[in-house]
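*Asks:* I'd like to go over a predicted model; first the sequence, then the structure.
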Amino acid sequence: MLENRWRETARRNATRLAVHDATSGRSWTFSELEAEADTAPASASEGLSHPQGRDVGFLLAVLRAWRAGLPICPLEPGQSAPVLPRPIPGFSLLKLTSGSTGTPRVVALNAAQVAADADQIVRTMGLRPEWPNLGVLSLAHSYGFSNLVTPLLLHGIPLVLVDSPLPRSVAAAAAPWESITLPAVPALWRSWHEADLIPRQVRLAVSAGAPLPLPLEQEVFERHGLKIHNFLGASECGGIAFDRSDVPRTDPTCVGLPLEGVEASVDEDGTLVVRGPAVASTYWPEPDPRLADGTYRSSDLVHRDDEGRLWLRGRVGDIINVAGRKVFPGAVEQAALRHPAVVDCLAFGVPDSTGRGEAVGLVYSTREPIEDSDLRAFLSSNLSAWEVPRRWWHRPALGADGRGKRPRHVWRAMLLGEGGAEGDGRRVSGFRQS
């Protein structure tokens with residue numbers, strides 16, 4: 001199905017621009033991209049293709065896998081392929097994600113689900129061939145794959161590849177075009193805004209991956225007349241909601257109306273339930289009832305107003321969102337416990353240095369004195385940069401509440417205080433610290 005859709009796109013747009021590499025200056029029409037993809041077989045390991053990188057090679061790997069009928073599992077640069085059972089039953093795309101529990105897992109989609117996600121995004125956002133997508137996002141990430149890769153290959157939306165999201169690089173990449181669409185994350189929008197280098201060519205600005213701060217949205221609108229549209233999605237179901245308004249929101253929790261083709265409801269426990277043709281088939285190889293039968297039961301707490309708009313009220317669980325990347329506290333703790341001196345620890349989200357986002361905090365105890373800098377250096381060699389804690393607390397031992405539990409939010413309250421300021425770590429709400 002995906003191969004046929006691509007062939008139709010290539011034939012319909014044969015002489016039009018498909019991809020432009022802003023770094024090398026090279027361009028491909030759709031017929032040229034098709035011809036290059038057809039010159040080599042798919043690269044696969046035991047029946048699974050792993051597109052990787054930020055250049056046209058990623059796109060060629062996808063097309064070659066589609067031609068060979070192989071499922072793909074995109075990887076970030078330097079990321080190792082997961083060990084998965086073979087054969088892979090009827091899936092076209094495997095996404096590596098945290099899932100709703102914070103435990104790393106694989107989301108499996110068939111061809112129809114991959115296509116439906118692209119169709120819904122293109123229709124709802126109004127993506128058009130006259131406005132190329134400026135590709136600053138990772139092509140392997142669910143957001144980048146759905147907003148850059150499949151709109152190009154299934155709908156003929158051109159893609160301008162950029163090797164760096166630095167303000168001057170993005171401005172230079174946008175310069176040759178009259179109009180562009182720019183999907184990004186809040187941290188990038190802030191950096192471009194603070195450098196006063198948001199490209200004047202942007203006609204559609206999209207932000208996802210983390211909450212878009214209201215002041216940033218308002219400041220960009222006031223200075224540039226540019227509305228940044230908030231977008232909510234998940235690896236398990238693709239796009240969920242999109243803020244279609246032409247002016248800045250007045251409430252940062254509003255994420256807009258469901259995408260065309262998406263049915264969003266609120267479960268009895270207040271969490272978001274998503275149904276639609278783009279919802280993935282299952283978690284694989286270990287299914288979970290929260291993702292099954294065309295339904296995804298998320299960990300987002302939401303309110304749905306009378307007009308159908310969705311308002312985020314928080315998240316179930318302890319996942320930490322660092323600049324749009326999900327960090328699993330358990331993974332940080334496991335890495336810290338591999339240090340020979342660490343005997344216990346807890347990781348949780350804390351305000352980052354700007355006060356606008358999240359970073360990782362760690363409270364730990366040791367069998368012998370060590371410096372925070374020693375543990376930081378150890379974790380830097382075992383974790384990705386965004387997973388390394390930015391705030392540290394050493395305690396002789398970590399305690400528990402009356403039921404023997406150690407809720408992360410309680411430790412956070414003890415160490416930061418209710419307002420996010422540094423606390424003294426005293427007893428809070430029945431929690432005892434040893």
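*Replies:* Ah, there it is.
*Asks:* Walk me through the domains of this structure.
*Replies:* According to automatic domain parsing, the chain comprises the domains 2-315, 320-416.
*Asks:* Any chance of the ones you listed in CSV with mean pLDDT and mean neighbour count as columns?
*Replies:* For glycine as for every other residue, the C-beta is placed from the backbone atoms N, C-alpha and C. Converted to CSV, these look like this (pLDDT from 0 to 100; neighbours: other Cβ atoms under 10 Å):
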stretch, mean pLDDT, mean neighbour count
domain 2-315, 92, 19
domain 320-416, 83, 17
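*Asks:* Who are the contact partners of the residue nearest in space to the middle of the chain?
*Replies:* Among the residues of the chain, the one closest to the centroid is G209, at 4.6 Å (Cα atoms, centre = their mean). Contacts for G209 (Cβ atoms under 8 Å, 6 or more residues apart in numbering) come out as 143, 185-186, 324-325.
*Asks:* Mind checking which of those residues are in strands?
*Replies:* Using DSSP state E, the members of these that fall in strands are R325.
*Asks:* which one of the contacts of G209 sits closest to V266?
*Replies:* Nearest to V266, judged by Cβ to Cβ, of the contacts of G209 is Y143 at 23.7 Å.
*Asks:* quick one: that closest one from E260, how far?
*Replies:* Y143 sits 18 Å away from E260, going by Cβ to Cβ, to the nearest Å.
*Asks:* Repeat that for L93.
*Replies:* In terms of Cβ to Cβ, L93 sits 21 Å off from E260.
*Asks:* Next, the contact list for the closest residue to S45 other than its chain neighbours, please.
*Replies:* Nearest-residue entry for S45: A81, 6.7 Å, with adjacent residues in sequence omitted and distances by Cβ to Cβ, 6 or more residues apart in numbering. Residues in contact with A81 (Cβ under 8 Å, 6+ apart) are 45, 48, 50, 73, 75.
*Asks:* Okay, strands next: where are they in the stretch 1-150 of the chain?
*Replies:* 17-21, 27-29, 93-97, 105-109, 133-135 (DSSP state E, counting those that start in this stretch).
*Asks:* Can I get those in a markdown table including distance to W6?
*Replies:* Shown next, in a markdown table, are these (distance: least, Cβ to Cβ, whole Å):
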| stretch | distance to W6 |
| --- | --- |
| strand 17-21 | 11 |
| strand 27-29 | 14 |
| strand 93-97 | 14 |
| strand 105-109 | 16 |
| strand 133-135 | 17 |
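*Asks:* A195: which of those is closest?
*Replies:* strand 133-135 (15.9 Å).
*Asks:* Please enumerate the helices of the stretch 1-150 of the chain.
*Replies:* Applying DSSP state H, counting those that start in this stretch to the stretch 1-150 of the chain gives helices spanning 2-12, 30-37, 56-68, 111-125, 142-144, 150-155.
*Asks:* Throw the ones you listed into a markdown table and include distance to R244, thanks.
*Replies:* What follows is these, written out as a markdown table (distance: least, Cβ to Cβ, whole Å):
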| stretch | distance to R244 |
| --- | --- |
| helix 2-12 | 26 |
| helix 30-37 | 29 |
| helix 56-68 | 29 |
| helix 111-125 | 8 |
| helix 142-144 | 18 |
| helix 150-155 | 18 |
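*Asks:* Ok, which of those helices comes nearest E387?
*Replies:* Going by Cβ to Cβ, the one of the helices of the stretch 1-150 of the chain nearest E387 is helix 142-144, 18.4 Å.
*Asks:* what's in contact with the closest one?
*Replies:* 95, 97, 135, 137-138, 183, 185, 208-209, 233-235, 238.
*Asks:* nearest to A112, of those?
*Replies:* G238 (12.1 Å).
*Asks:* Can you tell me which of the contacts of helix 142-144 is closest to T39?
*Replies:* Nearest member of the contacts of helix 142-144 to T39, counting by Cβ to Cβ, is G135, at 22.9 Å.
*Asks:* these two touch, right, that closest one and V160?
*Replies:* Yes. G135 is in contact with V160 according to Cβ atoms under 8 Å; the separation is 6.1 Å.
*Asks:* Return every residue with contacts to both of these two.
*Replies:* With Cβ under 8 Å, 6+ apart, G135 and V160 have no common neighbours.
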